[in-house]
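Asker: let me see the structure of the following:
(one chain, ligands or ions: 1)
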Amino acid sequence: MIRLHNVSKVYPLKGGRDNGPQTVQALKNINFHVPAGQVHGVIGLSGAGKSTLIRCINLLERPTTGSVSVDGQELTGLSRQALNQARHRIGMIFQHFNLLTNRTVFANVALPLELMGMKRAEIGERVTPLLELVGLAEKAAEYPAQLSGGQKQRVAIARALASRPKVLLCDEATSALDPQTTSSILALLRDINHTLGLTILLITHEMEVVKSICQRVSLISDGELVEESDVGDFFTAPRTQLGREFLNDFLQLEPPRALFDRLETAPGKHTHPVVRLAFSGDSVSTPLISRLARECGVDVSILQAKVESIQERTLGLMIAELMGPPAKTREAIDYLESHDLHVEVLGHVQRND
Ligand SMILES: Nc1ncnc2c1ncn2[C@@H]1O[C@H](COP(=O)(O)OP(=O)(O)OP(=O)(O)O)[C@@H](O)[C@H]1O
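Answerer: Numbering: from 1, shown residues only. Below is the predicted model of the structure:
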């Protein structure tokens, strides 16, 4: 549904100094595909290029090189008029809602239809069910200033859906909202995805958003797409250091400070490994830790543990010290991996025994 091929974006730097760089490369050769009906999240640190990426999809920003297709149509080669038509298939919502303050809720949602030249009666037939869909039918005559943040975002969602798009782009759509309102907006987006089959691409810095509605996630760093995976896989075993940092920040699953300070990177003659274990599916309910003691002769000291539900998957996460002679702890790690656990050795601590 959304396809980016070798997309790069270079911004000129206004007032660039004589000796300094004259340009910023915000996106570097991005290739990715979001199939129809998928909810896809893009995460990255501030300045990584997330906004530029999402704005390149409806050509609010024109890529410097590369091509963008939506619903099988390449947008980058279209005339201005054809692009305006194509944009009807791409709705967008923003962090600060971007509603017109001097228009009522109804008139805000009606605006894109007026711009398309739709007749008044037809507009009414389209807008009223949309306001019902977002739960704001009784607010039709009110103005944005009379609404809460969550209600404003609902109006923005209704407006984005007015032209019956195939794709909804969400630019940090919940970042200005409190956690409870965020949950209700995410539930609405999930509902729209299911009932209308809408493809949703969202950018966010909140892992909670990714966890609760995305099926796939892409990580961008310094303009590059560095990791892309199913959300369940990302939460189990991110492939990049940055991915691990995002996950650890979110899960707050780090070894206790006192132990962390004692962690050494290389194993020694008298050290124990400290591991981060991630397990999903059958292994969540299998008593692997007690079997480890029985079958490998290794004691396990659990330092932290939690169970997360990532959509339909249950994910267990644990930080543990494996206590035993080096040959035995290596055997224990092999044993865990052979039972589909993801094992990351965080470091080694001196044995106290
Ligand atoms: N119009 C512009 N002119 C020049 N540089 C820009 C422009 N827009 C973005 N940039 C630069 O491009 C890079 C990527 O910016 P972008 O806004 O896409 O990042 P982001 O990941 O969305 O950041 P944030 O999460 O802080 O919004 C940054 O270095 C930024 O300074």
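Asker: ok, how many other residues are close to Arg190?
Answerer: By the criterion of other CB atoms under 10 Å, Arg190 has 15 neighbours. Every residue, glycine included, has its C-beta placed from N, CA and C.
Asker: did I read that right, it in a helix?
Answerer: Yes - secondary structure of Arg190 (DSSP: H, G, I helix; E, B strand; the rest coil): part of a helix.
Asker: check whether it really touches Ile213, as I assumed.
Answerer: Yes - between Arg190 and Ile213 there is a contact under CB atoms under 8 Å: 5.1 Å.
Asker: mutual contacts of those two, please.
Answerer: Shared contacts of Arg190 and Ile213 (CB atoms under 8 Å, 6 or more residues apart in numbering): Val39.
Asker: got the buried residues for the strand or helix carrying Asn31?
Answerer: Assigned by DSSP states H and E, Asn31 falls within strand 23-34. For strand 23-34, the neighbour count (16 or more other CB atoms under 10 Å) marks 25-28, 30, 32, 34 as buried.
Asker: stretch 10-26 now?
Answerer: Across stretch 10-26, burial judged by 16+ other CB under 10 Å covers 10, 25-26.
Asker: the ligand contacts on the stretch 101-250 of the chain?
Answerer: Within the stretch 101-250 of the chain, the positions lying close to the ligand (CB under 6 Å from any ligand atom) are His205.
Asker: please redo it, this time with the cut-off set to 8 Å
Answerer: Residues of the stretch 101-250 of the chain lying close to the ligand (CB under 8 Å from any ligand atom) are 172, 203, 205, 220, 223.
Asker: tell me the buried residues within these.
Answerer: Buried among those by 16+ other CB under 10 Å: 172, 203, 220, 223.
Asker: distance check, the closest residue to the ligand within the stretch 101-250 of the chain against Phe246.
Answerer: Scanning the stretch 101-250 of the chain for proximity to the ligand using CB to the nearest ligand atom identifies His205 as nearest, at 5.9 Å. Distance of His205 to Phe246, computed by CB to CB, to the nearest Å: 9 Å.
Asker: overlap in contacts, these two.
Answerer: Contacts common to His205 and Phe246, judged by CB under 8 Å, 6+ apart, are Ile43.
Asker: still on that earlier bit, ok, of the buried residues of stretch 10-26, which one's closest to the ligand?
Answerer: Ala26 (3.4 Å).
Asker: is Glu122 within a helix or a strand, and which one?
Answerer: helix 120-133.
Asker: and that helix, what does it pack onto?
Answerer: Counting contacts by 3 or more CB pairs under 8 Å, 6 or more residues apart in numbering; DSSP states H and E, helix 120-133 packs against helix 105-115, helix 149-161.
Asker: next, the buried residues of the first one.
Answerer: Think helix 105-115. Across helix 105-115, burial judged by 16+ other CB under 10 Å covers 105-113.
Asker: which other helices and strands contact it?
Answerer: By 3+ CB pairs under 8 Å, 6+ apart, helix 105-115 packs against helix 120-133, helix 149-161.
Asker: check the offset of that helix from the chain's centre.
Answerer: 29 Å (CA atoms, centre = their mean, to the nearest Å).
Asker: so, low pLDDT: which residues of this structure?
Answerer: 15-18, 281-285, 352-353 (pLDDT under 70).
Asker: show me the domain layout of it.
Answerer: 2-247, 253-350 (automatic domain parsing).
Asker: okay, how far is it across the first one, tip to tip?
Answerer: By CA to CA, to the nearest Å, the extent of domain 2-247 from end to end equals 26 Å.
Asker: then stretch 37-47?
Answerer: End-to-end distance for stretch 37-47, by CA to CA: 28 Å.
Asker: so is it next to the ligand?
Answerer: Yes - using CB under 8 Å from any ligand atom, stretch 37-47 comes into contact with the ligand via 44-47.
Asker: buried set for stretch 301-315?
Answerer: Within stretch 301-315, judged by 16+ other CB under 10 Å, the buried ones are 303, 308, 310, 313, 315.
Asker: same question for stretch 194-207.
Answerer: For stretch 194-207, using 16+ other CB under 10 Å, the buried residues are 198-204, 206-207.
Asker: and that stretch, C-alpha only, in CSV?
Answerer: Output of stretch 194-207 as CSV, limited to C-alpha atoms (Å, rounded to 0.1, in the frame of the first residue of the first chain):
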residue,chain,number,x,y,z
HIS,A,194,-10.3,-3.2,11.7
THR,A,195,-13.6,-1.9,10.5
LEU,A,196,-12.4,0.2,7.5
GLY,A,197,-9.3,-1.9,6.7
LEU,A,198,-7.3,1.3,6.7
THR,A,199,-3.5,1.1,6.5
ILE,A,200,-2.0,3.2,9.3
LEU,A,201,1.6,4.5,9.4
LEU,A,202,2.4,6.3,12.6
ILE,A,203,5.5,7.9,13.9
THR,A,204,6.0,8.1,17.6
HIS,A,205,8.6,8.2,20.3
GLU,A,206,6.3,6.2,22.6
MET,A,207,6.9,2.4,22.8
